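S.K.: From the sequence below, what's the structure:
(3 chains)
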Amino acid sequence: MIRYLLQRLAGGIMVLVAISLVTFLLLEQAPGDAAEALVGESASAAQLAAARHQMGLDVPLLRRYADFIAGIVQGDLGRSLVSGRPVTTLVAERFGATLELALATMVLSLVAGSAIGLLAAAHQGGYLDLLLMSIATLGISLPTFWVALLLILTFSLRLGWLPVAGAGSPAHLVLPAVSLALPTISVVARLMRAGMLDVKGAEYVRTAHSKGLSPRHVWQVHMLRNGLNPVITMLGLHLGHLLGGTFIVETIFGWPGLGRLVVQSVFDRDYPVLIGAVLLIAVMYQILNLAVDLIHAILDPRLGKEAL
Amino acid sequence: MRVLRNLVLLVLILSVAGCGAVSSSGGTGNGGVVTRALTSEPATLDPHGAAGSGQNVILPYIFDTLVYRDTDNTYKPFLAESWTVSEDGKTVTFKLRGGVTFHDGTALDAEAVAFSLQRLKDAGAKSPLASGMAIIAGIEAVDRQTLRLTLTSPSATLFSTLSMPYAGIVSPTAVKQEGDSFGQKPVGSGPFKLHEWKPGVSITLVRNADYKWGPPSVKNQAAPHIAQAVFKVIPDATTQLTALQAGDVDIAFVNQPEQVQTLKQDKNIQVIESPLNSLIYLGFNCQKPPFDDVRVRQALSHAVNKAELVQTALGGVGKEAFAPLSPTLPGFDPSLKSFELSYDPARAKSLLAEAGFTQAADGTWTRGKDRLSGLLLTSSRAPNDAIATILQSQFKAIGVPLEIRLLDSTAAMNAMSKGQYDLMVWRYDWNDADVLNIYLGSANIGRTNRVFYSNKAVDDLLNTAGRTMDDKARQQMYVDAQKQIMADAPWQPLYVPIDYTAVRTRIQHAVMGPMGRVLLNDVTVTGK
Amino acid sequence: MSPSVTAGQARGQRRRSLHLLVGGILVGLLVGAAVLAPILAPVAPDVVRPTMRLQPPGAGGLFGSDPFGRDLFSQVLYGARLALGMSVVSVLLAAIPGTALGLAAGYHKGQLEQVMSRVMDGWLAFPGMLLAIVLVARLGPSLITVVVAVGIVGIPSYYRLVRNGTLGLRNEAYVEAALVIGATSGRILLRHILPNLSSSIIVLTTLRLGSMLLAAGGLSFIGLGAQPPQPEWGALLAMGKNYMGTAWWLAVFPGLAITASVMGFNLLGDGLRDMLARETAV
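M.R.: The predicted structure follows:
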């Protein structure tokens, strides 16, 4: 077990290095650099050169990257080329908000989605199943920002129940979380139902039935466990996506999350901030995926170490 | 199953009800709070730091400047009571107002101002005022109330530079104390001081009770009546509009011309025009055939129907332009209208024929093997995409197909500087007629002169004008330069934007300042 | 040994056909619109008519007109071509490599799987939006760039789903049985494992078809995808967003088009999945 975890750690670190390099190179490829983005379009050539020098952009590419990595190893993610503030501070500020929104969304989705999916699977073929699944399908078909705008128009403007944008109170969290949760609820519901049905007719379920175990037991122990397999995988993926920052929702609601930070830093060509944010997201994914794999192993003893 | 269902309902109800209704409109009682929407959050509130639009909005509340630029583009006393310019134009002496203090109690005297201006100069390329500050050779505090600036050459742009928010005077004590963090904890002498900054969310300012030295354009020269000014970061234009209508914010810049109509119909909202010195123009790549041929440029200029453009792309919100200088800038002359390359498709076609093109059966033009078409480059910011679409359609009408490319601002600027385009749509916002030199002077080709235009006569006129202090002489030089530019047609000026700021009626006595600034010194807040 | 068909299962069969029917109709509408656009559209979608700005549905055409006087119905029809093309291509770009790699990794395990999974972890962590923006900044904005970016970003999702599923199924009795009679791993993967994963893969695919349309819209939202005057639905929605209070039709019809198409894909997927589940019942 320990050896496994160490292996994952080593692999994970290599991936982080690779990501930082790819991000760095990709941004370099984009036309214009941070100095150009900063001094604006009315600056003279001399000013541009001076700005480049001030930002350290006139140093060769690989040197800059090497310096940057050296800094990271010592725990210093560098400073923003635009504001001069430490990247760690900038990213930490945004991450808290993103985490808050992601968790609220996940809780909402998990509860609502599981309920819907289980209910539908239990009534398979009935009208309730059809209705629930239609709603679930609608949920993933609606463009998120469309939903967000409609929610604002209704709940903030027409009804005045909730604030339009910003952060700071639970009230601010509701509309963004609901906007993001709608597609997630649908994903959870559909997968829960699909997973349940996939295993309903399977060998070991019939075996359990014939052993005389109560239907409820069959449900909980066997079907739930196996039905959850794809659900958990997808949830892991989705949570990662939510943590990666949901730029559009953040923009519409003025939510101070990572998504906006990432996009803004691309427009500013501010590579220290960009790499810092991307690395944080990558670390989150690593942890999440590890957790998902471990949960799979726990839930299904058949797989045991094999799943890892 | 039932348990789960009930649980779900419970969670949903709690999450909505538990938060409680939020009072969406109205201030927080006496004293009053004014809230404004910001599209982008400033990276720093240090006036000598990197520039940004969010910063531009907030700086004037925290910092004062030596001189105040009024909406008629004249300069009035502010922190400087009076000033004299030497005969040779190379020395400017300012007499400072007495009794001015920073938020931290430090006295604002000539030493402090000298420190501040030196710091601005040292900020170098980071500040948009770098070229303006470059002509200042010496900064000297002669005595407590007197500041002397020595220049390398006479400059007509000095006062413009000193009136910008980026030339705000900072407290030396605070700078020395905070060092790098000064940008997060700014200390100036303005009517408001920073109270709280929630990153990504909002910036809250409180009134400076000791304020007594307001600018000439406001009646209340002392501390503001309101208690707080809050700036909320709302990046999305539609959300800003909704927040304004819901009363979550009191003031917002109107980002899209279409919103003006909606807002004008709202009884609780007043829409105020902001005077600006800007121009949107169509530029040609003067070094790339066939656009290096002046006849082609003139022909295509004649294909532009500005009335239709303003009506369709902007909903009528804009004033057609004909000269390279914006009407509010010194150097503008209405008589230049007669030199305009106005909408005339027939003339466009005859010019193309003169240039050696023949029109084929399908309407397109060819000269030898080459078909006349173009790549129109602009940034993806509104309303550039709309303008590009209309131009595409108007050029198609005379048989010239255009391909549109929208890039983010940095990429667009970069591509333009490298000449990777045929036509471009761009905008300038500048306070001085020197803008022509920046964008059309041959010395700036490949950098700010992105149309690669070069005309020695024009260069000479512009350079001399920049050094002339006599207004009348300057004026004439700029008019002459413009006549030549209009004949050479590197630009087809399209329109002057009309910018609007929307203010809820509960905010009384807001004063519009230069460059879209909203002065809050006189403001009182009524009821809802 | 199989139990008799229960009432629930009979209802299920009816429901399955309903899903297939409705899904089929919606997707059929999409394909039909795409193919027949030149015939059905009253006017070319890029024709600017300044006198017909912002006309509501009725006087201004079936769906109304936009701020340039262009006919919205024509735009939506031509937009169907873009929607269909982009979704299909991007999904193929993600599904084929992702599934192949997932099968290989999940079945053979060992070093290969370790490396692959770590690479995919990294891949997954890479914000798709970032890749799209930088690609667009580098290659110039176009729908092709958008399709490639979103397609590539989708590979890890397929990989992880298939790999996890393969890991779970490789121990099943029928796999052991197949090995005993000498089946090659390729055969096992294709005939035994892949079909049992088909439900999940189909679900994922239908989700991705939908998310592709929405992703393209997202990039149009920040102005980096479709170039004027391409009537891509996401771009139409982005423009319509600015007129939600005054010209509701601009945001509603493209939104409905997207929603209907994505629903069609999903329902179709549901119906297909149910059908496949029946056929491969153990």
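
S.K.: May I have stretch C:105-115 exported as CSV, CA atoms only?
M.R.: The C-alpha trace of stretch C:105-115 is given here as CSV (Å, rounded to 0.1, in the frame of the first residue of the first chain):
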residue,chain,number,x,y,z
ALA,C,105,-4.4,0.0,-20.0
GLY,C,106,-7.3,-1.6,-18.1
TYR,C,107,-6.6,-5.0,-19.5
HIS,C,108,-2.9,-5.2,-19.6
LYS,C,109,-2.2,-3.1,-16.5
GLY,C,110,1.4,-3.0,-15.3
GLN,C,111,3.8,-0.2,-16.2
LEU,C,112,1.8,0.8,-19.3
GLU,C,113,-1.2,1.5,-17.3
GLN,C,114,0.6,3.4,-14.6
VAL,C,115,2.2,5.7,-17.1
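
S.K.: Check which residues of that stretch are buried.
M.R.: By neighbour count, with 16 or more other CB atoms under 10 Å in any protein chain shown as the criterion, the buried positions of stretch C:105-115 are C:105-107, C:109, C:113-114. In this view, the C-beta of every residue, glycine as well, is placed from N, C-alpha and C.

S.K.: Just the closest of these to chain A, please.
M.R.: Set against chain A, the nearest of these by CB to the nearest CB is residue C:114 (6.5 Å).

S.K.: Chain C contacts on the stretch 351-500 of chain B?
M.R.: B:380-382, B:385-386, B:388-390, B:392-393, B:403-408, B:411 (CB under 8 Å from any CB of the partner chain).

S.K.: mind listing which of the buried residues of stretch C:105-115 are in helices?
M.R.: C:105-107, C:113-114 (DSSP state H).

S.K.: show me where pLDDT drops low in the stretch 101-250 of chain C?
M.R.: Along the stretch 101-250 of chain C, the parts satisfying pLDDT under 70 run over C:125, C:127, C:137, C:207, C:217-218, C:221-224.

S.K.: which residues of it fall in strands?
M.R.: Assigned strands in the stretch 101-250 of chain C: none (criterion: DSSP state E, counting those that start in this stretch).

S.K.: List the ones among the residues of the stretch 351-500 of chain B next to chain C that fall in strands.
M.R.: Judged by DSSP state E, these include B:403-407 as members of strands.

S.K.: Could you export those residues as a markdown table, including neighbour count and distance to chain A?
M.R.: Shown next, in a markdown table, are these (neighbours: other CB atoms under 10 Å in any protein chain shown; distance: CB to the nearest CB, whole Å):
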| residue | neighbour count | distance to chain A |
| --- | --- | --- |
| B:403 | 13 | 18 |
| B:404 | 22 | 18 |
| B:405 | 22 | 12 |
| B:406 | 24 | 14 |
| B:407 | 24 | 8 |
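
S.K.: And these, which two are furthest apart?
M.R.: Using CB to CB, these span at most 13.1 Å, a distance reached by B:403 and B:407.

S.K.: From chain B, how far off is residue C:69?
M.R.: Residue C:69 is 7 Å from chain B, where distance means CB to the nearest CB, to the nearest Å.

S.K.: I meant to write residue C:250 there.
M.R.: Per CB to the nearest CB, residue C:250 is found 11 Å from chain B.

S.K.: who are the neighbours in contact with that residue?
M.R.: Neighbour list for residue C:250: C:64, C:66, C:72, C:236, C:239-240, C:243 [criterion: CB atoms under 8 Å, 6 or more residues apart in numbering or on different chains].

S.K.: Emit the ChimeraX select command for whichever of the residues of the stretch 351-500 of chain B next to chain C are buried.
M.R.: Buried subset of those, written as a ChimeraX selection, criterion 16+ other CB under 10 Å:
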select /B:380,382,385,386,388,389,390,392,393,404,405,406,407,408,411
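
S.K.: wait, which of the buried residues of stretch C:105-115 is closest to chain B?
M.R.: Once CB to the nearest CB is applied, the member of the buried residues of stretch C:105-115 that ends up nearest chain B is residue C:106, at 32.3 Å.
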